[in-house]
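[1] with the sequence up front, the predicted model follows.
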Amino acid sequence: MELRNHGKRLTRRLTARAAAARLAGHVLRFRREDEGAMVIFSLFIFVVMLAMGGIGIDVMRQEMERARLQATLDRAVLAGAGAPEGTDEDGIKTIVEDYFDKSGMRNYLNEIDTDGEGKDDIVTSLNATKVSASGQMTLDTLLMKLSGVKTLTAAGAATAEVRTPKLEIVLVLDVSGSMGRNNKLRNLKTAAKDFVSTVLGQSDPGNTVISIVPFSWSVTPSQGLYEALAVDEKHTYSTCLRFKDKDFNHASLTSGASATSAGIPVDQMIYTSLYGGWQNLSRTWRSCFTDDYMRILPYSIDEAALHGKIDSLQASGNTSGQQGMKWGAALLDPTFRTKGVTSNLIDTDEMEASLTTVPADYTEPETLKVVVMMGDGQNTTSYFFDTSPPEYRGKHSDLFKVQHQEQEFDYAFDIYNPSREWHQSWVEQYCYLGWLECVYKVDGPIVSSYYLRDPSPERYRDLEDNEWLSKQEFEAIEDQEGFVSKEQLDWEEAWGLMSPDFYRDTTGSSGPWTDYRNSEYLNGSMKDVRMRNVCTATKDEGVVVYTIGFEVNKGGTAETELRGCATTPAHYYRAEGVNINDAFNSIASNVKNLRLTQ
């Protein structure tokens, strides 16, 4: 019994071990099968990662080559657009291609179209150059080919445009008497001519217009400028104008209180001199200079004409910088175009017919407006006859103009016996006899004589014969043979023939001298205020203002006003001697840079 039970236990143990062995075999087979699957999965992940890495590497290569192509395109078109003036389209094309040759990328540059058909890649005009170029390259992939992508393309395009604005420049030049010292005028002429040649040389013909405004005691507009403005004309001796305070609050000369024929006329300045003899007002104290060298040269594109104007300048008179700056601003103001001033200059051949758009609007982006003002000292006093009351203005002056026609003795006859005639010239000496009538015939043109009245006592100075005539003798002139007319001139006409000093010396009366010298005047301080106002108004319109203090006192009034007039303190230059050429050269260089960056 016990033996039988032991056998049963042994049988159960053997059965359990066999089951465990079978289970172990199943586990082992499952393990082997799972490891194979993991290997396959791992291999799959590896291949995927390799493909992704290949895409990144190839795309990175593509971007690097695209960036290199784009950089070359950018540099090439910018160099082409910035080619020297006068470079034709083929020359610009060569510049672009050279950039690619030197970069080793010539094969990647697409053909540049310049055949004039369709949309050209290179477009040039008088003041602008536009260059476009494109390129592309094909790259063999390194690892993306595993994904079936064998090539990638890198492409780029670039356009560059360099625009050189047109230039309107006014040179406002001090030619007062102090410029005649220390070779200052000679040095100015050299520097100003170099400046003109430089800025014209950097421009296409007609793209730079230069005006020259000489100033001393006043500014003398050209005849064409004067005739184009509405002027309250009182005489015909000169073209200088007198402005009011409010005229300096704006850059325009054709609006506000100073208008063309559509508005209020400008006051004409009296032409006279503080000192001077009869019909001789050529002294430096003239209120207005009528000489050609003092006249404004407006809107010129002719280098020879500009040089000639500068060479002709002479130094004389006091200083009125506010007048120079006022005219400089007006020549740049577009109202001279819109109100017909420049069209009149074209009609009178003072301005090229091609310049119909000058002066351009302030908002015109293609035009740069510049004033260069040079002064060698502070503003000084100017004199005017009183207008309230106008004792020496208006009608009824003390100067009379008598016209007569020369007569030649023809014959004489006896009034009691007219048949008795004498034709011998010696008979003329007896014409005073009451019974003898003398007959004259016209011989020569009508001539004028002038008589200056001394009010107290009333008498008249014959300014030709330097003799005094009584009132009765002066009135008897009308009865003389050959008398044509007698005219009492207006004071504005009288002062164009004589100075207050001459009047005083002739009549003994100091009235006009005192009035002119001490009543209405503009001293330096008053002129400074006006100059500041017009400088501010001009700069507010976007005009670039450069100023030069030529041998002025450092920190003095002249330097302070000139520095304040400039666009910024950096736009002001001090100059000594021949160094004025450096100032003008620097300004020319700055103007060029402004044109390229505007």
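    Everything's here; your move.

[2] rest of the way, CA atoms for contacts and neighbours
    OK.

[3] please parse the chain into its domains.
    Per the record, the chain has its domains at 2-163, 182-382+521-597, 402-488, by automatic domain parsing.

[4] where exactly do the strands run in the stretch 201-350 of the chain?
    Under the criterion DSSP state E, counting those that start in this stretch, the stretch 201-350 of the chain contains strands at 208-215, 231-232, 241-242, 266-268, 297-300.

[5] go on, the stretch 401-550 of the chain?
    Under DSSP E, counting those that start in this stretch, the stretch 401-550 of the chain gives strands at 417-422, 436-454, 459-462, 467-470, 483-488, 520-522, 544-550.

[6] mean confidence for the last one?
    I take that to be strand 544-550. For strand 544-550, the mean pLDDT works out to 97.

[7] could you say what helices and strands that strand packs with?
    strand 367-375, helix 557-565, strand 572-575, helix 580-597 (3 or more CA pairs under 8 Å, 6 or more residues apart in numbering; DSSP states H and E).

[8] and the strands of the stretch 401-550 of the chain as CSV, adding mean neighbour count and distance to Leu297?
    Shown next, in CSV, are those (neighbours: other CA atoms under 10 Å; distance: least, CA to CA, whole Å):
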stretch, mean neighbour count, distance to Leu297
strand 417-422, 12, 63
strand 436-454, 16, 35
strand 459-462, 20, 41
strand 467-470, 14, 44
strand 483-488, 15, 37
strand 520-522, 15, 26
strand 544-550, 25, 19
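
[9] return the helix or strand in this protein with minimum mean pLDDT.
    Of all helical and strand segments in the chain, the minimum by mean pLDDT, DSSP states H and E falls on helix 2-81, at a mean of 64.

[10] about what we covered before: would you tell me which one of the strands of the stretch 201-350 of the chain is buried the most?
    Neighbour counts (mean count of other CA atoms under 10 Å) averaged over each of those peak at strand 208-215, with a mean of 26.

[11] ok, back up a step: of the domains of the chain, which is nearest Asp174?
    Ranking those by proximity to Asp174 (CA to CA) places domain 182-382+521-597 first, at 5.0 Å.

[12] just give me the neighbour total for Asp291.
    12 (other CA atoms under 10 Å).

[13] any idea of the pLDDT on it?
    On the pLDDT scale, Asp291 gets 93.

[14] contacts only, for it.
    Residues in contact with Asp291 (CA atoms under 8 Å, 6 or more residues apart in numbering): none are found.

[15] which strand or helix spans the residue nearest to the spatial centre of the chain?
    Compute the mean C-alpha point of the chain, and by CA atoms, centre = their mean the closest residue is Ile169, 2.5 Å away. Element membership for Ile169 (DSSP states H and E) is strand 166-174.

[16] what's that strand in contact with?
    127, 207-216, 319, 321, 324-325, 328, 331-332, 359, 366-376.

[17] mean confidence score for it?
    96.

[18] ok now it, how far from the chain's centre?
    4 Å (CA atoms, centre = their mean, to the nearest Å).

[19] check stretch 463-481 too.
    56 Å.

[20] unless I'm mixing things up, Lys184 is touching Gly577, no?
    Yes: between Lys184 and Gly577 there is a contact under CA atoms under 8 Å: 6.6 Å.

[21] more neighbours: those two, which one.
    Neighbour totals were compared for Lys184 and Gly577, and Lys184 leads with 20 against 15 (other CA under 10 Å).

[22] quick one: residues contacting that one.
    With contact set as CA under 8 Å, 6+ apart, Lys184 has these partners: Gly577.

[23] what about 10 Å?
    Counting by CA atoms under 10 Å, 6 or more residues apart in numbering, Lys184 makes contact with Val175, Ser178, Ala315, Asp376, Phe550, Glu551, Glu576, Gly577, Val578, Ile580.

[24] which single one of the residues you listed is nearest to Tyr108?
    Among the contacts of Lys184, and counting by CA to CA, the member closest to Tyr108 is Ile580, at 52.2 Å.

[25] neighbours around that closest one, how many?
    Ile580, neighbours per other CA under 10 Å, totals 25.

[26] how close does it sit to Gly177?
    Taking CA to CA, to the nearest Å as the measure, Ile580 falls 18 Å from Gly177.

[27] now Ser300
    Where Gly177 is concerned, Ser300 sits at a distance of 26 Å (CA to CA).

[28] ok, Ile301 next?
    For Ile301 relative to Gly177 (CA to CA), the value is 29 Å.

[29] which residues does the spatially closest residue to Val484 that is not a sequence neighbour bridge with?
    With sequence-adjacent residues excluded and distances taken as CA to CA, 6 or more residues apart in numbering, Val484 is closest to His404, at 4.7 Å. With DSSP bridges applied, His404 shows beta-bridge pairing to Val447, Phe483.

[30] can you check the one 10 residues further on too?
    When bridges are called by DSSP bridges, Asp414 pairs up with Asn417, Leu436.

[31] was I right about it contacting Trp435?
    Yes: the pair Asp414 and Trp435 qualifies as a contact (CA atoms under 10 Å) at a distance of 6.0 Å.

[32] can you give the strand pairings for the strand holding Ile169, parallel or anti for each?
    When DSSP bridges is applied, strand 166-174 pairs with strand 208-215 (parallel), strand 367-375 (parallel).

[33] I'd like the average pLDDT over the first one.
    For strand 208-215, the mean pLDDT works out to 97.
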